[in-house]
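>>> Task: produce atomic coordinates for the following.
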Amino acid sequence: MSIQYRVAFGKNDEAVDGPDDAEVVVTITASDVALGASVAFMQGKLKSTGSTGELLAALSDGSAAAAISQLASRP
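This is a model prediction of the structure:
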């Protein structure tokens, strides 16, 4: 399973982690990161393309939240 995470800070300004050919691409704005990955997903603020099952597995094991938090805390 490969997932690419993107945290958008503004137009044409985003932090990216993961392979370009990822099976799942997850996008969230920096202002929505504070909600938490699972809550943002349930509210429709965390967008994804690809397998929803793989995304739910990453949300469940905490790897999505960790990756998103790390990207959002860029200097």
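
>>> Residues contacting the longest strand seen in the chain, please?
If you go by DSSP state E, the chain has its longest strand at strand 3-10. For strand 3-10, the external contacting residues (CB atoms under 8 Å, 6 or more residues apart in numbering) are 14-20, 22-30, 33, 54-55, 58, 64, 67-68, 71-72. C-beta here means a position set from N, CA and C on the backbone, and glycine is covered the same way.

>>> if we go to 6 Å?
Strand 3-10 is touched from outside by 14-18, 22, 24-30, 58, 67-68, 71-72, with contacts defined as CB atoms under 6 Å, 6 or more residues apart in numbering.

>>> Strands of this structure, residue ranges please.
Counting by DSSP E, the segments of the chain that form strands are 3-10, 13-17, 24-29, 47-49.

>>> nearest spatial neighbour of residue 67, skipping sequence neighbours?
Excluding its sequence neighbours, the residue lying closest to residue 67 (CB to CB, 6 or more residues apart in numbering) is residue 5, at 4.7 Å.

>>> Could you tell me how many residues sit around the one you found?
Close neighbours of residue 5, defined as other CB atoms under 10 Å, add up to 27.

>>> That one and residue 53: what is the separation?
17 Å (CB to CB, to the nearest Å).

>>> Give the residue spans of this protein that score low on pLDDT.
Applying pLDDT under 70 to the chain flags the ranges 75.

>>> Okay, buried residues for stretch 16-25 please.
By neighbour count with 16 or more other CB atoms under 10 Å, stretch 16-25 contains the buried residues 18, 22, 24, 25.
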